[in-house]
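Trainee: Here's a sequence, model it:
(one chain, ligands or ions: 1)
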Amino acid sequence: MTQRAKNPLRDERDKRLPRIAGPCGLVIFGVTGDLSRKKLMPAIYDLANRGLLPPGFSLVGFARRDWADQDFGQVVYEAVKQHARTPFREAVWDRLSEGFRFVQGSFDDDEAFDTLAATVKELDELRGTSGNHAFYLSIPPGAFPVVTKQLARSGLANPTSADEWRRVVIEKPFGHDLTSARQLNKVVNAVFPEESVFRIDHYLGKETVQNLLALRFANQLFEPIWNANYVDHVQITMAEDIGLGGRAGYYDGIGAARDVIQNHLLQLLALTAMEEPGSFRPHALRTEKIKVLEATKPVEPYGETTARGQYEGGWQGGQKVPGLLQEGGFAKDSSTETYAAITLEVNTRRWAGVPFYLRTGKRLGRRVTEIAVVFKRAPHLPFDDTSTEELGQNALVVRVQPDEGVTLRFGSKVPGNTMEVRDVSMDFSYGHAFTEASPEAYERLILDVLLGEPSLFPVNKEVELSWEILDPVLRHWASNGKPDSYPAGTWGPDSADKMLARDGRHWRRP
Ligand code: BG6
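Mentor: Next comes the predicted model:
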């Protein structure tokens, strides 16, 4: 038989196509939760719709509810109808839903886990899932020990041959401080080896976050100035306009710093500040992230370099909204912060002396996540007609969401007879530059779990280092009274503005 000549163009195109998962199934613990309904189930449908799941893919739900397979199917159907990104197609749905199963039980119920093991085995035979299964723990971390033990006891955690795989997917919070994170990692690693553990930080699944690596390492333009010689400071902002109504159970006692700085914002910092990895293979990428996290410390004295707040009632989007303490479920004297800002230093040759300011908050002016690299001023400005108010500092802003893109701010001459220079912006927007819509973070991450592609998942060392960075600040806050307050719809407490003013700087108004 003659071999077909290789078509280099097709090979190039094939490399760009997302890989399709091989035979496998997914078991979700916590199917009745918000995350499952709003993100996981829709993402699974979207993956099926994009043709990225294997034909016999199976989805098993495990919960206490007295549901039959069809009831579970109905729950997934409603979640998909409400939250899926791609259009609903009967044929896709029909094929996908044939693989739905539901197992009723509580986490301490041996019999239920034995039924789960039998169900999974049956799927291997009926649908050809071939012994490849991922277990998604969308449950409170307090339940990890019992569930991982059950997975081990019932044999579910162990592949029965070298061709099979078993993986566990865990959601944050990965502990509430370094000690508890270590314990949690121990519990999980006692059952699943680290290479089978996929910790979800959904920010790493966002296109714009991955684009940060492209921006830095695919271009010659930015890297030479990406250091302390040219950069004055970096601001990483994750602002949300929503409040916490309905989430008290999870959030009270956790607060903004543990909820998002420990994970999402420190991962953004790591990607912004790390050195170029030798390749984007998981080990190379992780090594650089770990190195930069090891070099990162909070700046003292924390009373001046950090700020925290709790939202009060106020106005948002033309509507009156309640304060945290009026939201159902929060303790009346709750000292949980809904706004947190910290100052970090990265002690490397590249970044020594450049502060990294991280801030996040609920019920702020608007929803926006961005990384702003703010450059030093030009050493001399020979323009009599220009004030430093008009001409700010150059800035490169990576807009993670919404309006995903990148903006470069620089000075330009105002038309006319005088030499007046004013800030202008040059804008790249995903929406304008590409016709493809970005997949949801959870689509990318679930597919990567099924493919066994670990690059976008933090390893336990990264989690522990992140706690090491945050713990001293959390301890300071715990022994220094309550957070300041800020009205809903504003940009946080006055103390946050003072924190930057002390350094002669101010927060960007995104
Ligand atoms: C989660 C936090 O990790 O991220 C939530 O627990 C937060 O409090 C959410 O609302 C924000 O995610 P996104 O993708 O909407 O920015």
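Trainee: ok, the closest residue to residue 25 other than its chain neighbours - contacts?
Mentor: Residue nearest to residue 25 in three dimensions, not counting chain neighbours: residue 58, with 3.7 Å by CB to CB, 6 or more residues apart in numbering. In this view, the C-beta of every residue, glycine as well, is placed from N, C-alpha and C. Neighbour list for residue 58: 25-26, 99-101, 123, 127, 129 [criterion: CB atoms under 8 Å, 6 or more residues apart in numbering].
Trainee: now, which of those lie within strands?
Mentor: Applying DSSP state E to these, the entries found in strands are 25-26, 100-101.
Trainee: could the residues you listed be laid out in CSV, adding neighbour count and distance to the ligand?
Mentor: Formatted as CSV, these follow (neighbours: other CB atoms under 10 Å; distance: CB to the nearest ligand atom, whole Å):
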residue, neighbour count, distance to the ligand
25, 27, 26
26, 25, 20
100, 18, 26
101, 21, 29
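Trainee: How many neighbouring residues does residue 389 have?
Mentor: 8 (other CB atoms under 10 Å).
Trainee: where's it, which helix or strand?
Mentor: For residue 389, there is no enclosing helix or strand under DSSP states H and E.
Trainee: Roughly how far does it sit from residue 423?
Mentor: Counting by CB to CB, to the nearest Å, the gap from residue 389 to residue 423 is 10 Å.
Trainee: which parts of this protein sit against the ligand?
Mentor: Neighbours of the ligand within the chain, by CB under 6 Å from any ligand atom: 202, 240, 259-260, 369.
Trainee: Select from these every entry located in strands.
Mentor: The members of the residues of the chain next to the ligand that map onto strands under DSSP E are residue 369.
Trainee: neighbour-wise, which of the residues of the chain next to the ligand leads?
Mentor: Neighbour max across the residues of the chain next to the ligand (other CB under 10 Å) = residue 369, 25 neighbours.
Trainee: Which residue or residues pair with that one through a beta bridge?
Mentor: Beta bridges link residue 369 to residue 238, residue 401 when assigned by DSSP bridges.
Trainee: and it, what does it touch?
Mentor: Residues in contact with residue 369, defined by CB under 8 Å, 6+ apart, are 237-239, 399-401.
Trainee: now those residues as JSON lines including neighbour count?
Mentor: Listed next are the contacts of residue 369 as JSON lines, based on neighbours: other CB atoms under 10 Å:
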{"residue": "237", "neighbour count": "24"}
{"residue": "238", "neighbour count": "23"}
{"residue": "239", "neighbour count": "20"}
{"residue": "399", "neighbour count": "21"}
{"residue": "400", "neighbour count": "24"}
{"residue": "401", "neighbour count": "16"}
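Trainee: how about those in CSV, adding pLDDT?
Mentor: Output for the contacts of residue 369, formatted as CSV (pLDDT from 0 to 100):
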residue, pLDDT
237, 98
238, 98
239, 98
399, 95
400, 94
401, 89
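Trainee: Please tabulate those residues in JSON lines, including the columns distance to residue 214.
Mentor: Formatted as JSON lines, those follow (distance: CB to CB, whole Å):
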{"residue": "237", "distance to residue 214": "21"}
{"residue": "238", "distance to residue 214": "21"}
{"residue": "239", "distance to residue 214": "24"}
{"residue": "399", "distance to residue 214": "15"}
{"residue": "400", "distance to residue 214": "14"}
{"residue": "401", "distance to residue 214": "17"}
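Trainee: just the helices in the stretch 351-500 of the chain please.
Mentor: Counting by DSSP state H, counting those that start in this stretch, residue ranges of the helices within the stretch 351-500 of the chain are 430-433, 441-451, 460-478, 494-501.
Trainee: Comparing the ones you listed, which comes out most buried?
Mentor: Neighbour counts (mean count of other CB atoms under 10 Å) averaged over each of the helices of the stretch 351-500 of the chain peak at helix 441-451, with a mean of 23.
Trainee: and it, what other elements does it pack with?
Mentor: With contacts defined as 3 or more CB pairs under 8 Å, 6 or more residues apart in numbering; DSSP states H and E, the packing partners of helix 441-451 are helix 41-49, strand 197-200.
Trainee: Buried deepest among the ones you listed, which one?
Mentor: Taking mean count of other CB under 10 Å, helix 41-49 is the most buried of those, at a mean of 24.
Trainee: How far off centre is that one?
Mentor: The chain centroid and the centroid of helix 41-49 are separated by 19 Å under CA atoms, centre = their mean, to the nearest Å.
Trainee: Which strands or helices does that helix pack on?
Mentor: In terms of contacts (3+ CB pairs under 8 Å, 6+ apart), helix 41-49 is packed against helix 69-83, helix 90-97, helix 441-451.
Trainee: Between helix 441-451 and it, find me the angle.
Mentor: If you take axes from the mean of the first three to the mean of the last three CA atoms, to 10 degrees, helix 41-49 sits at 60 degrees to helix 441-451.
Trainee: partners of the helix or strand just after helix 41-49, with directions?
Mentor: Counting by DSSP H and E, the next helix or strand C-terminal to helix 41-49 is strand 58-63. Next to strand 58-63 in the sheet, as set by DSSP bridges, lie strand 25-29 (parallel), strand 100-104 (parallel).
Trainee: Could you export strand 58-63 as PDB, CA atoms only?
Mentor: Provided in PDB are the C-alpha atoms of strand 58-63 (Å, rounded to 0.1, in the frame of the first residue of the first chain):
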ATOM      1  CA  SER A  58     -20.800   8.900  30.800                       C
ATOM      2  CA  LEU A  59     -21.800  11.200  33.600                       C
ATOM      3  CA  VAL A  60     -22.600   9.900  37.000                       C
ATOM      4  CA  GLY A  61     -24.200  12.000  39.700                       C
ATOM      5  CA  PHE A  62     -23.800  11.100  43.400                       C
ATOM      6  CA  ALA A  63     -26.000  12.800  46.000                       C
END
